[in-house]
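**Student:** turn this into a model:
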Amino acid sequence: MRIFRPLLLLPLALAALAQAKPTSFVIKSVHVDQAGIWREKSDGGDSCARFHLSDKAATRWFHKAKEVTERAWREELDWTPCFATGTLTTSDGKTYAWDLDRSGRGQVKISDTVSTFLSGPELPFAK
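**Tutor:** As a prediction, the model looks like this:
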């Protein structure tokens, strides 16, 4: 299987969290568990149901995505309440959960308290 090479910088927790060092990994595979999820309890969920994201489209997105700071991810990037979730596996066999919204704002959850924040192309109705 072809290995995609987006280098995502992930904080490596050391004994002292203040001295976290980045490490990179190579994504081996991406799997979409669920797409078309609506975060809000309001109108709009119907249009979100049309958001279909395949494993192939998610893999392409991760290949093009760039890491951003958490502040930029939370305060500067556009976002939509419609998103997809899944897992990715790295070349060293580790698996991480991710979520990605239609606007192209995503995150990889390294642990309960550590995430890598990403920005990539918009995915309005990806297939």
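**Student:** remind me, longest helix of the chain?
**Tutor:** helix 55-64 (DSSP state H).
**Student:** report the rounded mean pLDDT for that helix.
**Tutor:** Mean pLDDT, helix 55-64: 92.
**Student:** likewise stretch 71-85?
**Tutor:** 90.
**Student:** ok, and what's touching it?
**Tutor:** For stretch 71-85, the external contacting residues (Cβ atoms under 8 Å, 6 or more residues apart in numbering) are 32-40, 44, 47-48, 51, 53, 58, 68, 97-105, 107, 117-119. C-beta: built from backbone N, CA, C; applies to glycine.
**Student:** still on that earlier bit, what's the first helix or strand after the longest helix of the chain?
**Tutor:** strand 66-68 (DSSP states H and E).
**Student:** so how far is that following strand off the chain centroid?
**Tutor:** With Cα atoms, centre = their mean, to the nearest Å as the basis, strand 66-68 stands 10 Å off its chain's centre.
**Student:** how many neighbouring residues does the residue lying closest to residue 124 once chain neighbours are set aside have?
**Tutor:** Nearest residue to residue 124 in three dimensions, chain neighbours excluded: residue 102, at 5.6 Å (Cβ to Cβ, 6 or more residues apart in numbering). Close neighbours of residue 102, defined as other Cβ atoms under 10 Å, add up to 23.
**Student:** can you tell me how far residue 102 is from residue 114?
**Tutor:** 25 Å (Cβ to Cβ, to the nearest Å).
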